[in-house]
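Show me the folded form of this:
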Amino acid sequence: MGRDDGAAAPPAAASRRLTRPLRANRAGRQPLGVAPRLVRVEPDRTPIDAVAPLRISFVGGGTDLPHWYEEHGGAVLSATIDHSVRVRLVPREDREITVRSLDLGHMVAYHLDQGPAYDGVMDLPKAAIARMGITTGVDLQIESDAPPGSGLGGSSALVTAVVAALAMLTDRRLSAHEVARLSHRIEREDLGISGGWQDQYAAAVGGFNFLEFSRAHVALSTVRASEQTLAALSQQLLLCYTGSVRRNVGLIDRQIRLHREGREETILGMKRLQEMAFAMRHAVERGDVEALGSLLDEAFLAKKQMNPYITEHTQIEEMLGTARAAGAIGGKICGAGGGGYLLLAAPPSARGAIRAALERSGGQFAAFAFSPVGVRARRGGDVWAPSA
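Numbering: from 1, shown residues only. Okay, the predicted model is just below:
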């Protein structure tokens, strides 16, 4: 595959076993008639541990797809949290690849010379390994704080963590934008998975960010939220797992089709989501935490207007109604819909009642905090991070 993504070719030292001749005698000469003996130098098999954060998308998801932003622009407000995807990479001396998911119980193995089978099992790390062009075997072990399809950007965080681990293995320097573009290319081009840009940038950069999308570029700016505002948001927001995740129901493909068919409600919903991204950013930057709850409600309604199938065959609307009846100010589904996590806003005094009511409906609450750090990889005492 081509490498217009900014990833340099792997250094030769990473792809061969190194040997060196024994030192000559003191006169600087080998004894006559004696061939120099070679001493094998063991490759560095120190594990590399990479971590990429998950994210909460407050509003704007769907406007980061090219069918929309190439004509209208797009905008997303999101923040990374202290939940993550973790990857451990151990170099091998051969050209075998093994990939193991501790959460799902999946394990795949293949030889680099034959390449992987893209069969729906661990395809994301397989494609990342292929795109990065490594020439030596590795063992990968993967663990995530959220299941696939949860709406927290876990798939992109996984790809980003694998890219970081492989970049450290091959001593490649990549900027955060290059990591995001490379991860996007792996998901969208190499594997043909429908989706936008926001998750790759969230995992690569980290923090509370406002993303704007156009045909020309992706512009990222840090949201100017004070420590007091972040603390207040942490007190007001709740993250609740609905008990099921989004399966491959084609929600994003349906959204694209509805737009191409010219469905008026879809177009109006997307325009509203884009406008609300600016409104919610301004509310956060001025510290108006109270406004967030109603804005989350509006964001959910606009998302459903854009794609009326996001709650089909789920408990999402019933659970949101239960949360409001118990005192929530507002809430929305995270991600594309179809299951996963709810993001709720509520006064601290109502948190107990909301938790009890939703747990009776099968909800599971996950404590979280905002995290400002994007993807990182570590090997011993060394740290790899995207360059500025």
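
dump the residue contacts of the residue most central in space within the chain.
Residue closest to the mean C-alpha point of the chain, counted by CA atoms, centre = their mean, is Ala157 at 2.5 Å. When contacts are counted by CB atoms under 8 Å, 6 or more residues apart in numbering, Ala157 is found next to 52-55, 84-85, 144, 199, 203, 375. The way it works is simple: take the backbone N, C-alpha and C, and place the C-beta from them, glycine included.

can you check Phe213 too?
Going by CB under 8 Å, 6+ apart, the list of residues near Phe213 reads 63-64, 69, 73-76, 196-197, 219.

Tell me how far it lies from Val159.
Phe213 is 19 Å from Val159, where distance means CB to CB, to the nearest Å.

For the helix or strand containing Glu275, buried residues please.
Assigned by DSSP states H and E, Glu275 belongs to helix 264-285. By neighbour count on 16 or more other CB atoms under 10 Å, the buried set for helix 264-285 is 266-267, 269-277, 279-281, 283-284.

quick one: which of the residues you listed is nearest Met306?
Among the buried residues of helix 264-285, Gly269 lies closest to Met306 (CB to CB), at 3.2 Å.

Low-confidence stretches in this protein?
1-43, 246-249 (pLDDT under 70).

between the longest strand along the chain and helix 264-285, how big is the angle?
Longest strand of the chain, by residue count under DSSP state E: strand 74-91. Here the directions of strand 74-91 and helix 264-285 differ by 80 degrees (axes from the mean of the first three to the mean of the last three CA atoms, to 10 degrees).

What is strand 74-91 packed up against?
Counting by 3 or more CB pairs under 8 Å, 6 or more residues apart in numbering; DSSP states H and E, the packing neighbours recorded for strand 74-91 are strand 48-59, strand 138-144, helix 154-169, helix 198-205, strand 208-213, helix 264-285.

Which among the ones you listed is found nearest to Ala369?
Nearest of the helices and strands packed on strand 74-91 (CB to CB): strand 48-59, 11.0 Å.

Export that closest one to CSV, keeping only CA atoms.
Output of strand 48-59 as CSV, limited to C-alpha atoms (Å, rounded to 0.1, in the frame of the first residue of the first chain):
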residue,chain,number,x,y,z
ILE,A,48,5.3,-1.7,24.0
ASP,A,49,2.1,-0.6,25.8
ALA,A,50,-0.2,1.9,23.9
VAL,A,51,-3.3,3.6,25.3
ALA,A,52,-5.9,5.6,23.4
PRO,A,53,-8.8,7.4,25.1
LEU,A,54,-12.5,6.9,24.5
ARG,A,55,-14.7,10.0,23.9
ILE,A,56,-18.1,11.5,24.6
SER,A,57,-19.6,13.3,21.6
PHE,A,58,-21.9,16.0,22.8
VAL,A,59,-23.3,17.1,19.5
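
Walk me through which strands that strand pairs with, and which way each runs.
strand 74-91 (antiparallel), strand 376-379 (antiparallel) (DSSP bridges).

most tightly surrounded among those?
Sort these by mean neighbour count, taking mean count of other CB atoms under 10 Å, and strand 74-91 sits at the top with a mean of 23.

quick check: angle from the following helix or strand past it to helix 154-169?
Using DSSP H and E, the helix or strand that follows strand 74-91 in sequence is strand 96-101. Relative orientation of strand 96-101 versus helix 154-169 (the same axes, to 10 degrees): 140 degrees.

Run through the neighbouring helices and strands of the next helix or strand after strand 96-101.
Scanning forward in sequence from strand 96-101 by DSSP H and E, the next helix or strand is strand 107-111. Under the contact criterion of 3+ CB pairs under 8 Å, 6+ apart, strand 107-111 touches strand 96-101.

Specify the beta-bridge partners of the closest residue to Leu237 other than its chain neighbours.
Using CB to CB, 6 or more residues apart in numbering and skipping residues adjacent in sequence, the residue nearest Leu237 is Ala345, 6.0 Å away. Taking DSSP bridges as the rule, Ala345 bridges to Leu237, Gly330.

Please give me every residue in contact with Ala345.
236-238, 292-293, 296, 328-331.

and the residues you listed as CSV, adding distance to Glu93 and neighbour count?
Shown next, in CSV, are the contacts of Ala345 (distance: CB to CB, whole Å; neighbours: other CB atoms under 10 Å):
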residue, distance to Glu93, neighbour count
Gln236, 53, 20
Leu237, 48, 23
Leu238, 49, 23
Leu292, 53, 22
Gly293, 56, 20
Leu296, 52, 25
Ala328, 55, 28
Ile329, 58, 20
Gly330, 55, 22
Gly331, 52, 25
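
Closest one to Ala366 out of those residues, please.
Leu238 (9.0 Å).

quick one: the closest one and Gly352 touch, right?
No: counting by CB atoms under 8 Å, Gly352 is not a contact partner of Leu238; they are 10.8 Å apart.

For Leu358, see how far away Glu318 is.
Taking CB to CB, one finds Glu318 at 10 Å from Leu358.

burial count for the closest residue to Arg260 other than its chain neighbours?
Nearest non-adjacent residue to Arg260, counting by CB to CB, 6+ apart: His67, 6.8 Å away. Look at His67: counted by other CB atoms under 10 Å, it has 14 neighbours.

Brilliant, that's me finished.
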